[in-house]
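# Pasting the sequence and the predicted model now:
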Amino acid sequence: MPLVGTAGHVDHGKSTLVLALSGRDPDRWAEEKRRGLTIDLGFSWADLGTGQEVSFVDVPGHERYLKNMLAGIEAIDIALLVVAAEEGWMPQSEEHLAVLDLLEVKRGVVALTKSDLVDEETLELATLEIREKLEGTSLESAAVVPVSAPVGIGLDDLKSELRRLTGLVEEPLGSPRLWIDRSFSVAGAGTVVTGSLLEGALAIGDVVEIYPTGREAKIRTLQSHERPVESARPGSRVAVGLSGVGRDETLRGHMLGSPGAWRTTSRFSATLRRARYVDEIAERGAYQIHVGSGAHPMTIQKSADGVAVLATRSSLPLRMGDRFIVRDSGRRLVVGGGQILDPAPRTLAAALDQAANLDPNAEPGVQAGKLLDLRTTDLVANLSRDTGGGYPEGALVIGELAMTEATMHDLTTKAQELVAAVHQKNPLRAGLPLATLATTLGIDRAVAEVVVQRSDDLKLTGPDVSHGSHQSVLDVESTAAWHEARLALTSSLAVPNVGELGLADDVVHWLLREGRLVRISSSLVYLPEQVDEITKKMAKLPKQFTVGDVKEELGLSRKYVVPILEWLDANLITVRKGEKRSLRGVGGSD
């Protein structure tokens, strides 16, 4: 359903024209009707002869109410720029055209109103002036149609042109998105919000989120053009009845959308183009950014070559490609506008220097890939939210994380260097624990595992990462110490404590890893052949035996027997039942 928005100077007949086209006065307030002056957004609709209704958003033309005009103009598909023939081009004609041009509204028509009040020559001059003013803007090819709403002159021609333009409007895809322009309470219905549904669809029963507050609500009722509907399509003017939120939680400038489909930001990079009547947009200044139906204080942190980094006091639900208008608060004048590039840049320098690589009008998948190039790594969900559903093309995706191949290559190189340093410093160590590698590289364990898998030089053995070519051997001194320790162990099953063997800790760990020692407890180690000797002797015991039986058979004190039996239990060689044990598989034990 296409959305037509008016624009133009005050008293040039915008509301009167909408009334003539639709049969409905868009002015809602008693004060507006009394003064004959549009103050806030007005709405109407009509079938222009296609069998499809078209929504109208009528905006105020007085400069004092420009903020209200900007609250409704971004959502439009077609511009209806109104210029009065007897006054011609006026200041708000220029400023409203600047808004349309900065928003890059390319479909539009100019209604040259009050044409019955001037002669042919004046009408022709007014048309030529409009043509000159449109030149170089997004509406330079717009038709100029002379009309007079009160007497019906030119209305059929205007409707014909609007029909042609509506036929060019394509229904946007994506998640539902509605910028709230009104919020009120209705007895028995709760909170109702209204807005123009930019994209996606809404249906009764849907759960939605109010951005940026994060509050969720459920759609109880839907109306479009004052008629109850079960669902609403993009381009519709919609009134949404909500349960779960209050009126004070749904303000103009808030956005209604699918839960989790957007993330909010307060600093972003963007294209920044000045209005043609402005010489420059200084970085120092008091500005407001107009996005959707809201206006928010904004600062320019840095700008260069048509790109800027902008910051707002409040968080906004933005994504790449969103359009905005910048207004100078002091001069109360529209000075520029642009499109969002990176909604969440990592650093100020990267936001500005690399923004030229981003195309805000590219397909979402391309956008996601380009954002990933800037960020090197990011959650797939963040890239999707920042691009309206884009999936990073050509990315390496590990679980929920996406990264570039270049980043993976850098991580692999760093991992190889870290492991090599460990081997050089501690040649007897198995390598670098995977958890330590992940922490040092600033990645999680799952990513570290992929780094190892993708390296031709690294391998994962147990918890440790090592170079595939690394071979650890004892040096001469350690070999001699090991020879002495082995002699001490083989002399009796009543072995010395491990600390008494004269072996360095790294040598003990290496011997355990190589299978040359078996750790029974924190203080006891045995040779593998000693463990075999112990298990053979225990086979001579009764089917059910006690600690005392083992002491007698092995000729050892409780100091040795208890840790030996606990080790046998843990390794499923023995089974304990109360004070007795049995060898697994003997005496009915499993």
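Perfect, thanks for sending it.
# Can you check which helix is longest in the chain?
The longest helix of the chain (DSSP state H) is helix 405-425.
# What is that one packed up against?
In terms of contacts (3 or more C-beta pairs under 8 Å, 6 or more residues apart in numbering; DSSP states H and E), helix 405-425 is packed against strand 432-433, helix 434-441, helix 445-453, strand 458-461, strand 464-467. From N, CA and C alone the C-beta is placed, and that goes for glycine too.
# Tell me which of those approaches Ser243 most closely.
helix 445-453 (40.2 Å; C-beta to C-beta).
# Find me the pLDDT at the residue lying closest to Glu249 once chain neighbours are set aside, would you?
Excluding the flanking residues, the one nearest Glu249 by C-beta to C-beta, 6 or more residues apart in numbering is Arg215, at 5.5 Å. You'll see Arg215 listed with a pLDDT of 95.
# Who does Arg215 form a beta bridge with?
Ile210 (DSSP bridges).
# which ones are touching it?
209, 244-245, 249 (C-beta atoms under 8 Å, 6 or more residues apart in numbering).
# what's the answer for Val307, then?
So Val307 contacts 269-272, 341, 352, 355-356 (C-beta under 8 Å, 6+ apart).
# Looking at those residues, which are in helices?
Leu352.
# need the helices for the stretch 101-250 of the chain, in chain order.
For the stretch 101-250 of the chain, the helices defined by DSSP state H, counting those that start in this stretch cover 120-134, 155-166.
# looking at those helices, which is buried most?
Counting by mean count of other C-beta atoms under 10 Å, helix 155-166 has the highest mean neighbour count of the helices of the stretch 101-250 of the chain, with a mean of 18.
# Extract the C-alpha set from it and format it as CSV.
Presented in CSV, the C-alpha positions along helix 155-166 are these (Å, rounded to 0.1, in the frame of the first residue of the first chain):
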residue,chain,number,x,y,z
LEU,A,155,-7.5,16.8,-10.0
ASP,A,156,-8.0,14.1,-12.6
ASP,A,157,-4.5,14.8,-14.1
LEU,A,158,-3.0,14.7,-10.6
LYS,A,159,-4.7,11.4,-9.8
SER,A,160,-3.5,10.0,-13.0
GLU,A,161,0.1,10.9,-12.2
LEU,A,162,-0.3,9.5,-8.6
ARG,A,163,-1.6,6.3,-10.1
ARG,A,164,1.4,6.0,-12.3
LEU,A,165,3.8,6.6,-9.4
THR,A,166,2.0,4.1,-7.1
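# what residues does that helix touch?
Contacts for helix 155-166 (C-beta under 8 Å, 6+ apart): 2, 4, 20-21, 48-50, 52, 54, 77-78, 80, 107-109, 111, 143, 145, 147, 149.
# and with 10 Å instead?
By C-beta atoms under 10 Å, 6 or more residues apart in numbering, the surrounding residues in contact with helix 155-166 are 1-4, 17, 20-21, 46-50, 52, 54, 56, 77-80, 106-113, 142-149, 235.
# Selection in ChimeraX covering whichever of the residues you listed are buried, please.
Per 16 or more other C-beta atoms under 10 Å, the buried members of the contacts of helix 155-166 correspond to this ChimeraX selection:
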select :1,2,3,4,17,20,21,46,48,54,56,77,78,79,80,106,107,108,109,110,111,112,113,142,144,145,146,147,148,149,235
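# Just give the nearest non-adjacent residue to Arg486, would you?
Leu527 (7.0 Å).
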